[in-house]
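S.K.: got a structure for you, letters missing:
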DNA sequence: GTATGTGAACCACTTCACAGCA
DNA sequence: TGCTGTGAAGTGGTTCACATAC
C-alpha cells in the first residue's frame, strides 16, 4: 500500500483531515469531493486522486462518509496515537509554542523542555520542568521522545539538532532560521514565517497600489 | 524579465538570500553554485537554473560575487525596502510574534495591532498600542498597511481576513489553522506547524524504532 | 442520475550535460 | 582549467475524461 506516495500528497492529507473534522462537527455525514474541494480550495480531481493512493473510501453516486474517511486519514497519518516531544529553547518563542494551543495538535505532547538560561531552567511551564541543555543527552537517552522542537537562535541550532539526532529523535520541527545539516534517517520540517514574508513581497511589489 | 517565474523558484530565493548573507558575514567574496548548494542542501544545477530566471549574475570559471548577488536578490524579492504590517490577535501567539525577533525579518515592521480582549486593548507592546478590532477598518482605511498578520482563533479568522482585504491589504500571513476563502488579488501565506507535525508522523510511524 | 476511481494526456519542475566564457 | 548558463531530457504531479458503481 505505501507504494511511493508523493510527498505533496502526504502534505495535503492533514488538510483533508482537518476539513473533515470540521464537517463532522457540523454534523455532516456524507461529503463529495466537489464539496470538500470547495471548502478547502482544491480541485475535486486532486482530492480523489490523492485518496486513491491509499484505498477506495467513497461510494459512487454518493460521496464519502465523513466520519469513516476522517478516521482512515488519522490512521494513515499516524495521528491516531500519541507522540512525545522535547522542546529545546524556552525563550519568547518556546514559551509561546508551549502555551499557545494552536501549534500543538491533539495527540502531540511536550514531555521535556530544555534551555540554557539559568533564570529559566528549574522553572515550570504547564506540566514541564525546564532542564538545562547540558542534561539533554542524559535525559533523552534514558527516556527517548519521538520528535524534537528546535526553538533556539540560529547560531546554536545545529548543535541542538545534532544532539537530538544522537539521542534517537527521528523527527525535528525546526523554528531556527537556518539551513540544517542532518544525519540521514532524521526527518526535519522547517517553520519559517520570515521566508514566507520574504517571498510574498516578490508578488506584492509588482502589484498595483492598494485599492481603497 | 518577469516571464513566468515558477512559484517554487520564488520560494527558494529567500533561502539563497539568507545563505549569501551568512557568507557575507564570514567575509566570503565569491561563491560557486556548488559551495552554496552544499551549504543550503540543494543541487548546484538548481541554484543556477533558478538564478537564470532573473539574469546572469555569475562569472564562468569563477562563481558569484557574494555581495552583488545578495543585493540583486534583495531587490528581486522586494526586501530592499520597508513593508508595514498590521497584527490581528494579540494573545500568546500574537505577543510572541511581536516580541520574538526571528519571525519578523529586517524591513518588516508591525505598525498596528488589534485585539478584542478589553484587558489587552489599550496596552502597549514595543512601540505599538493595541487597539480594539472594531477600529480595524477605520484605522487601516486611513493609513493602509502592506501586509496583515492573522493570529486569531480559527473561528474568527475568516472575518478578520475579509476585513483586512476590504482595507486594501494585499498580503496576509495566516497563523489560524483553517482554510481561508479570500477575495482574488490578495495573497495569503499559511504558517501552520500543526500540519507539518501531522504529516511528519506519516513517515515516522513506518520507520524502525528509535536507535540508541 | 450522480459521484467515484483511474489510466492517459498534459503540464511543471528538476536534472543532465555540454557549449561558452573567464 | 573551472564554473556558469541553458537547451534538452527526464521525472513527478495535476488535470482530464470516462468507465464503473451505487
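M.R.: On my side now, so go ahead. Predicted, not measured: the structure shown is a model, and the values here were computed from it.

S.K.: for the lowest-mean-pLDDT helix or strand in chain A, packing partners?
M.R.: The helix or strand of chain A with the lowest confidence, counting by mean pLDDT, DSSP states H and E, is helix A:92-99 at a mean of 94. Counting contacts by 3 or more Cβ pairs under 8 Å, 6 or more residues apart in numbering or on different chains; DSSP states H and E, helix A:92-99 packs against strand A:83-88, strand A:108-115, strand A:124-125, helix B:92-99. Every C-beta, even on glycine, is put in place using the N, C-alpha and C of the backbone.

S.K.: Run through the residues that contact residue A:118.
M.R.: Each residue near residue A:118 by Cβ atoms under 8 Å, 6 or more residues apart in numbering or on different chains is listed here: residue A:132.

S.K.: Just the pLDDT for it.
M.R.: Listed pLDDT for residue A:118 reads 98.

S.K.: Pretty sure it sits in a strand.
M.R.: No. Under DSSP: H, G, I helix; E, B strand; the rest coil, residue A:118 sits outside any strand and is assigned coil.

S.K.: Make JSON lines out of the helices and strands packed on helix A:92-99 and add mean neighbour count and distance to DNA strand D.
M.R.: Formatted as JSON lines, those follow (neighbours: other Cβ atoms under 10 Å in any protein chain shown; distance: least, Cβ to the nearest atom of the strand, whole Å):
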{"stretch": "strand A:83-88", "mean neighbour count": "23", "distance to DNA strand D": "25"}
{"stretch": "strand A:108-115", "mean neighbour count": "21", "distance to DNA strand D": "25"}
{"stretch": "strand A:124-125", "mean neighbour count": "12", "distance to DNA strand D": "39"}
{"stretch": "helix B:92-99", "mean neighbour count": "22", "distance to DNA strand D": "29"}
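
S.K.: so which of those comes closest to residue A:178?
M.R.: With respect to residue A:178, and counting by Cβ to Cβ, the nearest of the helices and strands packed on helix A:92-99 is strand A:83-88 at 14.0 Å.

S.K.: Now do the closest one: distance to the chain's middle.
M.R.: Chain-centre distance of strand A:83-88: 12 Å, with Cα atoms, centre = their mean, to the nearest Å.

S.K.: Strand partners (parallel or antiparallel) of it?
M.R.: In the sheet, strand A:83-88 lines up against strand A:108-115 (parallel), strand A:147-150 (parallel) (DSSP bridges).

S.K.: export the ones you listed to TSV and tack on mean pLDDT?
M.R.: What follows is the strands paired with strand A:83-88, written out as TSV (pLDDT from 0 to 100):
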stretch	mean pLDDT
strand A:108-115	98
strand A:147-150	98
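
S.K.: nearest to residue A:123, of the ones you listed?
M.R.: Taking those one by one with Cβ to Cβ, strand A:108-115 is closest: 9.1 Å.

S.K.: who touches the residue nearest to residue A:44 when sequence neighbours are not counted in this structure?
M.R.: In this structure, residue A:44 finds its nearest non-sequential neighbour in residue A:33, 3.8 Å apart by Cβ to Cβ, 6 or more residues apart in numbering or on different chains. Contact partners of residue A:33, counting by Cβ under 8 Å, 6+ apart, are A:44, A:45, A:47, A:48, A:58, A:63, A:64.

S.K.: if I read this right, the fifth one contacts residue A:66, doesn't it?
M.R.: I take that to be residue A:58. No. Here residue A:58 lies out of contact with residue A:66, judged by Cβ atoms under 8 Å, at a distance of 11.2 Å.

S.K.: Run through the helices of chain A in chain order.
M.R.: Here chain A has its helices, by DSSP state H, at A:7-25, A:33-40, A:44-52, A:66-77, A:92-99, A:136-142, A:154-166, A:193-205.

S.K.: Output the contacting helices and strands for the fourth one.
M.R.: Translated: helix A:66-77. Using 3+ Cβ pairs under 8 Å, 6+ apart: helix A:66-77 touches helix A:7-25, helix B:193-205.

S.K.: That one near DNA strand D at all?
M.R.: No. Judged by Cβ under 7 Å from any atom of the strand, helix A:66-77 and DNA strand D are separated, with a smallest distance of 14.1 Å.

S.K.: Which positions within that helix qualify as buried?
M.R.: By 16 or more other Cβ atoms under 10 Å in any protein chain shown, the buried positions in helix A:66-77 come out as A:66, A:69, A:70, A:72, A:73, A:74, A:76, A:77.

S.K.: which residues are contacting it?
M.R.: A:13-14, A:16-17, A:20-21, A:23-24, A:28-31, A:51, A:54-55, A:57-58, A:80, B:198-199, B:201-202.

S.K.: I'd say residue A:124 and residue A:130 touch.
M.R.: Yes. Under the criterion of Cβ under 8 Å, residue A:124 makes contact with residue A:130 at 7.2 Å.

S.K.: Run through the bridge partners of the residue lying closest to residue A:187 once chain neighbours are set aside.
M.R.: Of all residues beyond its chain neighbours, the one nearest residue A:187 is residue A:171 (4.7 Å), with distances taken as Cβ to Cβ, 6+ apart. Taking DSSP bridges as the rule, residue A:171 bridges to residue A:147, residue A:187.

S.K.: Check whether residue A:171 really touches residue A:149, as I assumed.
M.R.: No. Using Cβ under 8 Å, residue A:171 makes no contact with residue A:149, being 9.8 Å away.

S.K.: neighbour-wise, which of these two wins?
M.R.: Set residue A:171 next to residue A:149 and count neighbours by other Cβ atoms under 10 Å in any protein chain shown: residue A:149 wins out with 31 against 23.

S.K.: check contacts around that one.
M.R.: Contacts of residue A:149 (Cβ under 8 Å, 6+ apart): A:85, A:86, A:87, A:88, A:89, A:94, A:97, A:110, A:172, A:173, A:175.

S.K.: which residues does the fourth one contact?
M.R.: Spelled out, that is residue A:88. A:94, A:113-115, A:133, A:136, A:148-152, A:160, A:164.

S.K.: picking up where we left off before, of the buried residues of helix A:66-77, just say which sits nearest to residue A:183.
M.R.: Out of those, the member with the shortest distance to residue A:183 (by Cβ to Cβ) is residue A:77, at 24.3 Å.
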